[in-house]
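Colleague: only geometry, no sequence info:
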């Protein structure tokens, strides 16, 4: 068994972390109203109960409060300065790594609480993640596409033996062409999606046909059945329409707007252009600052690698997953694609020479 003073030191650390977590949830609760605020305050109360467990075990040996772990203290700082989703994602990861499962001094109830706290935080963050998902996909896709495609282009052209000036011009051309292509593609994609959805909207002139429909044949009920209602629901809805002589909201689904998740076509085009350009400029930087030869290749690969690690880690953080695994996945995929192009450039350069 560990010496008693070592156990007490561990208990005091647990106590400090529980107090810090309670403070974190109260800090986050100030960002919310209604049910979300009540839930976060409930989590704070639970952490306070856990803190009391360690106080009871320590008794007079509790001593002066000690500092919480660096991670717990950083979460409080982040809660004061960054968005709630970012902090909730970090807190979710922290709860999933609770040491109580393997510590006999913690009760089974406390260990179970920590696991459930992670699920509570996951649920609180779910709405923010859904709102973020589309924008995050576009940002990650745009930046990574710019990073990988332009790095591959620059390395492939450079490997053929062309002078640095030609590589620089090629990289800048790739940046401009790729950014325009991404912007145009996103504009066409969003516009096409909107047009397809609008094709499902009813003709506004259809309402004028209601007074002339045969009530006994009730063709209107077929419309509602085609839109997913059961026969009984469709008959009842059609009867209400005949009574009011108006096609009410049961007639259609909500029409597509800029707030329905599709977004603005121009907004999507501009953001895709900028995200791609932000990624594509990075592999060109060494050549802009005069680097040549293998040094330029190494610098470009290095800074792109760091950027790939960062984007992968951000995705891991916001998804509540493993940061390192997602960061390494981005790095391996991106540099592997660039390495293949570089090898082909070397081969082509040797063939031409």
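Modeller: Alright, I've got the coordinates. What you see is a predicted model; the values in this text were computed from it and never measured.

Colleague: so where's the stretch 151-300 of the chain shaky on pLDDT?
Modeller: Counting by pLDDT under 70, the ranges of the stretch 151-300 of the chain that qualify are 196-220, 223, 242-263.

Colleague: can you pull the contacts of residue 158?
Modeller: With contacts defined as C-beta atoms under 8 Å, 6 or more residues apart in numbering, the neighbours of residue 158 are 164, 167, 296-297, 342, 345. (C-beta placed from N, C-alpha, C; glycine too.)

Colleague: Just the element for it, please.
Modeller: Per DSSP states H and E: residue 158 is located in helix 108-159.

Colleague: Touching, residue 72 and residue 17? I think so.
Modeller: Yes: contact status for residue 72 versus residue 17: in contact at 5.0 Å, counting by C-beta atoms under 8 Å.

Colleague: Looking at the two, which has the bigger crowd around it?
Modeller: Remark: of residue 72 and residue 17, residue 17 carries more neighbours, 24 against 20, as counted by other C-beta atoms under 10 Å.

Colleague: quick one, what contacts that one?
Modeller: Residue 17 is in contact with 68-69, 72, counting by C-beta under 8 Å, 6+ apart.

Colleague: cool, residue 345 as well?
Modeller: 155-160.

Colleague: hmm, 6 Å instead?
Modeller: Applying C-beta atoms under 6 Å, 6 or more residues apart in numbering, we find residue 345 in contact with 156, 159-160.

Colleague: And residue 155, by the same measure?
Modeller: Residues counted as contacts of residue 155 (C-beta under 6 Å, 6+ apart) are 297, 338, 341-342.

Colleague: how about 10 Å then?
Modeller: 167, 171, 283, 296-297, 300-301, 304, 335, 338-346 (C-beta atoms under 10 Å, 6 or more residues apart in numbering).

Colleague: where's it relative to residue 176, distance?
Modeller: The gap separating residue 155 from residue 176 is 19 Å, by C-beta to C-beta, to the nearest Å.

Colleague: just residue 165 next, same as before
Modeller: Note on residue 165: its distance to residue 176, by C-beta to C-beta, is 17 Å.

Colleague: The two: which is more packed in?
Modeller: The residue with more neighbours, out of residue 165 and residue 176, is residue 176; 13 against 10, by other C-beta under 10 Å.

Colleague: That one touches residue 153, doesn't it?
Modeller: No: with contact taken as C-beta atoms under 10 Å, residue 176 and residue 153 are classed as non-touching, separated by 12.0 Å.

Colleague: Identify the contacts common to these two.
Modeller: Taking C-beta under 10 Å, 6+ apart as the contact rule, the neighbours common to residue 176 and residue 153 are residue 280.

Colleague: Name the helix or strand for residue 95, please.
Modeller: Mapping residue 95 onto the secondary structure by DSSP H and E places it in helix 84-96.

Colleague: circling back to that earlier point, and after the helix holding residue 158, which helix or strand comes next?
Modeller: Per DSSP H and E, the helix or strand that comes after helix 108-159 is helix 164-198.

Colleague: what residues go with each domain of this protein?
Modeller: Listed by automatic domain parsing, the domain ranges of the chain are 4-129, 132-191+264-352, 202-251.

Colleague: ok, and which of those has the densest surroundings?
Modeller: Stretch with highest mean neighbour count among these: domain 132-191+264-352 (a mean of 18; mean count of other C-beta atoms under 10 Å).

Colleague: ok, so of the contacts of residue 158, who is nearest residue 52?
Modeller: Of all the contacts of residue 158, the one sitting nearest residue 52 is residue 297; the distance, using C-beta to C-beta, is 59.5 Å.

Colleague: doesn't residue 291 make contact with the closest one?
Modeller: Yes: with contact defined as C-beta under 10 Å, residue 297 counts as touching residue 291 (8.8 Å).

Colleague: picking up where we left off before, what's the overlap in contacts for residue 72 and residue 17?
Modeller: Between them, residue 72 and residue 17 share the contacting residues residue 94, judged by C-beta under 10 Å, 6+ apart.
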